[in-house]
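Trainee: Here is my input, please return the structure:
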Amino acid sequence: MRKAAGKAAVVLAAGVVLAGTAASAEAAPAARTAPAKPDCGGFRASAAPAVPAADQDQAPEVPPTLAGKGALSYSVASAQAPIGLWSKAGLTLRTPVAKGTARLDVSSRGFSTDSVTVQRYEPAKHAWVDLDTRSGGGSWPHRGTFTFPVSAPKASAKHPYAVALRFQDLDSPGTLTVNASVADGRGHTYRAPARTVTATRPQVSVAGWANGTAKLTRGGAAQPFTITVRNTTNRAYPALNVNYFAYGAGKRHALTPKDLVLQQYRPGRGWEKVALTAGGCDPGMGAALLPNRTALAPGAKVVYRLRLAVAGSAPKDVVTGDSGFSVSNGDQSFANKRLPFTIRAGK
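Mentor: Take a look at the predicted model:
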């Protein structure tokens, strides 16, 4: 289940508390020898870890205990699950289970459950622990099962036992459905109604990159283009980043940072050169666009005005290039687009 696929992971994390208690709480610089061309569409430099370092030791907030008479309930804080952000959920047990097993049967549409990782937070250890997993099988499964132990011998309707959950889709838009159950180890299984959330992400668009492939001239005019990120979700993105990448190789040579001229328009400052650095693809180059780690509220947008030119000194045997950008929240990428280009000889 924990495949290092090009798709990033959906993450669920669980921490257990008693309801009513206090909340627990890259690559070497390009040489002038053209290697085999890699797949730059994946933008390896922007690949996000399944569990971001900043969150590995962070205890989840405890969701409100669901009111109800059923033995088991599963709740979600919102019908939307914005990609790249943690979303809250909770499991509420209202019957005693001395030594049981909680089970989350997950199904997805739009992404594979092979990109799902489930963890349990142990308050005593202040650490996230991987859950036992079982794949639905096949090369692109849409079902998976995750389990963790439950011990709540004093749980009751008056004193329910709450399991704090958080989940995160780091892959693609779609839906995620969870069927939660608890087996008491004595032959009885308590089941909660299924809950489905929609994995969403901000809308990303590009203007000015004609017909998907721009035609640039060695030593010629720059190609202007605009990247717009609009937060169409119901959650704020606190640390939005846009990273640009480029690559190009011919039979004998490869493009290096001095062969491309990237500029960005900054309000009140005009056009400024963006320093490209080797890395990202191998060989290749990249840069973080400004503003960096900017907050984006629901309904808000951020616009990046850019222009790209090929220097007259660029190697003549390089006639095509592959560029693009990734959009992330902190170190978690949730969207990317490719911007290929051709290079014509200058006059």
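
Trainee: The stretch 51-200 of the chain: strands as residue ranges?
Mentor: 72-76, 80-82, 87-93, 97-109, 116-122, 127-130, 132-135, 143-152, 161-169, 174-183, 189-191, 195-200 (DSSP state E, counting those that start in this stretch).

Trainee: okay, now the domains of this protein?
Mentor: The chain is divided into the following domains under automatic domain parsing: 10-24+59-200, 203-344.

Trainee: returning to what we had before: which one of the strands of the stretch 51-200 of the chain has the poorest average confidence?
Mentor: Lowest mean pLDDT of the strands of the stretch 51-200 of the chain: strand 116-122, a mean of 74.

Trainee: wouldn't Pro82 be in contact with Asn234 here?
Mentor: Yes: with contact defined as CB atoms under 8 Å, Pro82 and Asn234 form a contacting pair (7.4 Å). Bear in mind the C-beta positions are built from the backbone N, C-alpha and C, glycine included.

Trainee: for the host helix or strand of Ala295, packing partners?
Mentor: Taking DSSP states H and E as the criterion, Ala295 maps to strand 294-296. Here strand 294-296 touches strand 237-247, going by 3 or more CB pairs under 8 Å, 6 or more residues apart in numbering; DSSP states H and E.

Trainee: ok so, going back, with distance to Lys301 and mean neighbour count as extra columns, can I get the strands of the stretch 51-200 of the chain in a markdown table?
Mentor: Conversion of these to a markdown table gives the following (distance: least, CB to CB, whole Å; neighbours: other CB atoms under 10 Å):
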| stretch | distance to Lys301 | mean neighbour count |
| --- | --- | --- |
| strand 72-76 | 27 | 21 |
| strand 80-82 | 15 | 24 |
| strand 87-93 | 22 | 24 |
| strand 97-109 | 28 | 19 |
| strand 116-122 | 31 | 23 |
| strand 127-130 | 34 | 16 |
| strand 132-135 | 38 | 15 |
| strand 143-152 | 35 | 19 |
| strand 161-169 | 22 | 26 |
| strand 174-183 | 23 | 20 |
| strand 189-191 | 43 | 16 |
| strand 195-200 | 15 | 19 |
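
Trainee: With distance to Gly299 added, can I get the ones you listed in TSV?
Mentor: TSV is the format used below for these (distance: least, CB to CB, whole Å):
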stretch	distance to Gly299
strand 72-76	22
strand 80-82	13
strand 87-93	19
strand 97-109	26
strand 116-122	30
strand 127-130	33
strand 132-135	37
strand 143-152	34
strand 161-169	21
strand 174-183	23
strand 189-191	38
strand 195-200	13
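
Trainee: follow-up on the earlier one: shared neighbours of Pro82 and Asn234, which are they?
Mentor: Thr200 (CB atoms under 8 Å, 6 or more residues apart in numbering).

Trainee: weakest of the domains of the chain by average pLDDT?
Mentor: domain 10-24+59-200 (a mean of 81).

Trainee: Can you give me the buried ones in stretch 289-308?
Mentor: By 16 or more other CB atoms under 10 Å, the buried positions in stretch 289-308 come out as 289, 296, 302, 304-308.

Trainee: Any idea how far stretch 86-97 is from the middle of the chain?
Mentor: On the basis of CA atoms, centre = their mean, to the nearest Å, stretch 86-97 sits 25 Å off its chain's mean C-alpha point.

Trainee: can I have it written out in CSV, keeping just the CAs?
Mentor: In CSV, the C-alpha atoms belonging to stretch 86-97 read as follows (Å, rounded to 0.1, in the frame of the first residue of the first chain):
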residue,chain,number,x,y,z
TRP,A,86,-5.4,18.0,6.8
SER,A,87,-9.2,17.5,7.2
LYS,A,88,-10.8,16.5,10.5
ALA,A,89,-12.9,13.4,11.2
GLY,A,90,-13.8,11.3,14.2
LEU,A,91,-14.9,7.9,15.4
THR,A,92,-17.2,7.7,18.4
LEU,A,93,-17.7,4.4,20.3
ARG,A,94,-20.7,4.2,22.8
THR,A,95,-20.3,0.7,24.0
PRO,A,96,-17.6,-1.1,26.0
VAL,A,97,-14.9,-2.9,24.0
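
Trainee: where does Arg252 land in three-state SS?
Mentor: coil (DSSP: H, G, I helix; E, B strand; the rest coil).

Trainee: I'd guessed it sits against Pro315; true?
Mentor: Yes: counting by CB under 8 Å, Arg252 does reach Pro315; the two are 7.5 Å apart.

Trainee: Compare those two (neighbour count), which wins?
Mentor: Higher neighbour count among Arg252 and Pro315: Pro315, with 20 against 12, using other CB atoms under 10 Å.

Trainee: Would you confirm that that one contacts Lys258?
Mentor: No: assessed by CB under 8 Å, Pro315 is found out of contact with Lys258, at 11.0 Å.

Trainee: Can you give me every residue that contacts the residue lying closest to Pro202 once chain neighbours are set aside?
Mentor: Closest residue in space to Pro202, ignoring its immediate chain neighbours: Asn231 at 4.7 Å, by CB to CB, 6 or more residues apart in numbering. Shown in contact with Asn231 (CB under 8 Å, 6+ apart): 202, 237, 296-301.
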